[in-house]
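Novice: Fold the following and give me the result.
(one chain, ligands or ions: 1)
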Amino acid sequence: MSSSLLLKNIYCLQPTFDGPQYHGADLLIVGNKVEAIAPTGNLQAIGKVRTIDCSKHVVIPGLVNTHHHFYQTLTRNHPAVQNAKLFDWLKFLYEVWKYVDEDAVYHSSLLAMAELMKTGCTLTTDHHYLYPRSFKGDLMGLQFEAADTLGMRFSPTRGSMSLSKKDGGLPPDSVVQTEDEILMDSERCIKTYHDNAPDAMHKIALAPCSPFSVTKGLMKETAALGRKYGVRLHTHLCETYDEADFCQEMYGMRPVALMQECGLIGEDVWYAHGIHFNDEELKILQQTKTHIAHCPSSNMRLGSGICRVKEMLGMGINVAVAVDGSASNDSSDMLAEVRQAMLLQRVRYGSDALTASQAFSMATEGGAKLLNFGKVGRLEKGWAADLAIFDVSTLPYAGSQSDPVASLLFCGTNHNTDYTIINGKVVVDRGQLVGFDEQELAQKANAISKRMMEMAARGEIV
Ligand SMILES: Nc1nc2[nH]c(O)nc2c(=O)[nH]1
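Specialist: Next comes the predicted model:
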């Protein structure tokens, strides 16, 4: 018999961001799915059931993170590039990242996902595009192992870089692979790990890194491979003016035209950042139904610009939210990112640019749609039991309870959940990751980070 979870007497429940809020509701989870919502409470469960008193809590669908680089958690806040723009930041950090090994991949994945889960995220992707020459193991396997250890719903991308400095690209030789290596491993990853179910715990996507780090040929072949197997495709696009200049000089066209030529555009494609689109390019995104992962903190941190989210949403373009890699954020605080998304639009378009409800909708249903999870992102009967549960009875929320859900974005300095539920399991329980030593992980991550910095300082050959 499936075990059940009964959330009782919920202070404020927002099952979807296009529907009503309930006060005093009960929500029943059976197995890994939402079974029932009783708006006025009095729901009874039979059999083996854990009951959680939610009388101080706001309950919302779990947040979805649509772009990250987990390994960068080990090189965040590096003083040499705290004030650098993207290309200078990358050129410096490639020389540290080339020391990423199996231990670094596994522990940075644990660290990033732990932070995400503690701040309300229940489904995440990752974009690991960096494969140092010395790395021989099953990188994606390590990431899935970390996700399964924590209980996170996970859809990583098999990233890639093939265009090094000697061929006119940005990264050094030490972190790129040949196109044959990339395509072979991409196919292996799809066959080994991809699950097409609308509420799968594991999916994958393919992600050539960016116009200045992969060849046109690899972009075309990756798009064809992804379509052969029906997996999503992803890349960085229109993040900086430097990228647009690169595309003009190398290919004689703008980034979006390059994507069109490579077939890397469409309903099964999402771009990270998407800041510098012109009006015509926005129409192309609209017509092709291409999705955008908006990364406000990173865009501010690197001084890249402000994404035209308000206009995109007005045109029906699906825009989701993402924390981006931890070296340009420099955290994986998902709730904070939704707040940043809401606020940054106001800098560009004024105080009514984006509501709290719109920002949450982008970060739940919008993200699930982008990642192709058809039964994730809403709390409805038969949908995935992924929930973020915040205690708003604490000091940072005091005085804000005229709108409890919006208070999560407008107020609060502690963005941690009291409970996070993924696939029907409580994975954060009274603020703590279940079955996991957070202190030990922090110490391990610091030790690996220190080792990488020391190797970089010595200029060790990989
Ligand atoms: N914000 C980031 N942009 C990128 N472009 C690229 O090629 N790599 C990155 C990255 O790691 N972060």
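
Novice: so where's this structure shaky on pLDDT?
Specialist: Low-confidence segments of the chain (pLDDT under 70): 1.

Novice: Do I have it right that residue 247 meets residue 261?
Specialist: No - under the criterion of CB atoms under 8 Å, residue 247 is not in contact with residue 261, lying 10.7 Å apart. The C-beta positions use only the backbone N, C-alpha and C, and glycine is treated the same way.

Novice: joint contacts of these two?
Specialist: residue 253 (CB atoms under 8 Å, 6 or more residues apart in numbering).

Novice: ok, those two, which is more surrounded?
Specialist: Between residue 247 and residue 261, counting by other CB atoms under 10 Å, residue 247 is the more crowded of the two (21 against 14).

Novice: Confirm that one sits in a helix?
Specialist: Yes - remark: residue 247 belongs to a helix, assigned using DSSP: H, G, I helix; E, B strand; the rest coil.

Novice: all numbers from here: first residue = 31
Specialist: From this message on, residue numbering opens at 31, which makes the last subject residue 277.

Novice: if I look at it, how far off is the ligand?
Specialist: Look at residue 277 and the ligand: by CB to the nearest ligand atom, to the nearest Å, they are 13 Å apart.

Novice: what does the stretch 231-380 of the chain put close to the ligand?
Specialist: 239-240, 243, 266, 269, 328, 354-355, 358 (CB under 6 Å from any ligand atom).

Novice: Now the two most distant members of these.
Specialist: Maximum pairwise distance among those (CB to CB): 17.0 Å, between 243 and 328.

Novice: if we can go back for a sec, among the residues of the stretch 231-380 of the chain next to the ligand, name the buried ones.
Specialist: Buried members of those, counted by 16 or more other CB atoms under 10 Å: 239-240, 243, 266, 269, 328, 354-355, 358.

Novice: Quick check: buried residues in stretch 269-283?
Specialist: So stretch 269-283, judged by 16+ other CB under 10 Å, has buried residues 269-270, 272-274, 276-277, 280.

Novice: for stretch 384-392, same thing?
Specialist: Across stretch 384-392, burial judged by 16+ other CB under 10 Å covers 384, 386-392.

Novice: and which of these is nearest the ligand?
Specialist: For those, the closest approach to the ligand (CB to the nearest ligand atom) belongs to residue 392, at 18.7 Å.

Novice: The closest one reaches residue 324, doesn't it?
Specialist: Yes - at 7.2 Å, residue 392 counts as touching residue 324 under the criterion of CB under 8 Å.

Novice: Mind telling me which residue of the stretch 31-180 of the chain is nearest the ligand?
Specialist: For the stretch 31-180 of the chain, CB to the nearest ligand atom, closest residue to the ligand: residue 99, 4.9 Å.

Novice: And the residue nearest to that residue when sequence neighbours are not counted, how far from residue 381?
Specialist: Spatial nearest neighbour of residue 99, chain neighbours left out: residue 355 (3.1 Å); criterion: CB to CB, 6 or more residues apart in numbering. Relative to residue 381, residue 355 is positioned 30 Å away (CB to CB, to the nearest Å).

Novice: Report the secondary structure state of the residue nearest to residue 99.
Specialist: Three-state call for residue 355 (three-state DSSP): coil.

Novice: same thing with the one 5 residues further on?
Specialist: In three-state terms, and counting by three-state DSSP, residue 360 is coil.

Novice: thinking it is in contact with residue 331, fair?
Specialist: Yes - contact criterion CB under 8 Å: residue 360 and residue 331 qualify, at 7.3 Å.

Novice: give the contact list for the residue lying closest to residue 180 once chain neighbours are set aside.
Specialist: Leaving aside its sequence neighbours, residue 180 sits nearest to residue 143 (CB to CB, 6+ apart; 5.3 Å). Residues in contact with residue 143, defined by CB under 8 Å, 6+ apart, are 100, 154, 176-177, 180, 182, 184, 362.

Novice: let's see 7 Å
Specialist: 154, 176-177, 180, 182 (CB atoms under 7 Å, 6 or more residues apart in numbering).

Novice: same deal with residue 276?
Specialist: By CB under 7 Å, 6+ apart, the neighbours of residue 276 are 241-242.

Novice: before we move on, back to that, now intersect the contacts of residue 143 with the helices, please.
Specialist: Counting by DSSP state H, these place 176-177, 180 in helices.

Novice: With neighbour count and distance to the ligand added, can I get those in TSV?
Specialist: Formatted as TSV, the ones in helices among the contacts of residue 143 follow (neighbours: other CB atoms under 10 Å; distance: CB to the nearest ligand atom, whole Å):
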residue	neighbour count	distance to the ligand
176	23	19
177	22	20
180	20	23
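
Novice: At the contact with the ligand, which residues of the stretch 81-230 of the chain appear?
Specialist: 99, 116, 120.

Novice: Quick check: the gap between the second one and residue 273.
Specialist: Looking back up the chat, that one is residue 116. 8 Å.

Novice: Same check on residue 232?
Specialist: In terms of CB to CB, residue 232 sits 31 Å off from residue 273.

Novice: And residue 438, by the same measure?
Specialist: For residue 438, the distance to residue 273 - CB to CB - is 34 Å.

Novice: Could you chop this structure up by domain?
Specialist: Listed by automatic domain parsing, the domain ranges of the chain are 34-92+409-463, 93-400.

Novice: most neighbours per residue, which of those domains?
Specialist: domain 93-400 (a mean of 21; mean count of other CB atoms under 10 Å).

Novice: Show me which of the residues of the stretch 231-380 of the chain next to the ligand is closest to the ligand.
Specialist: Looking across these and measuring by CB to the nearest ligand atom, the closest to the ligand is residue 240, at 3.4 Å.

Novice: What strand or helix carries the closest residue to that closest one other than its chain neighbours?
Specialist: Of all residues not flanking residue 240 in the chain, residue 266 sits nearest, at 4.0 Å (CB to CB, 6+ apart). With elements taken from DSSP states H and E, the one containing residue 266 is strand 262-267.

Novice: by contact count, what packs against that strand?
Specialist: strand 235-238, helix 246-259, strand 299-303 (3 or more CB pairs under 7 Å, 6 or more residues apart in numbering; DSSP states H and E).
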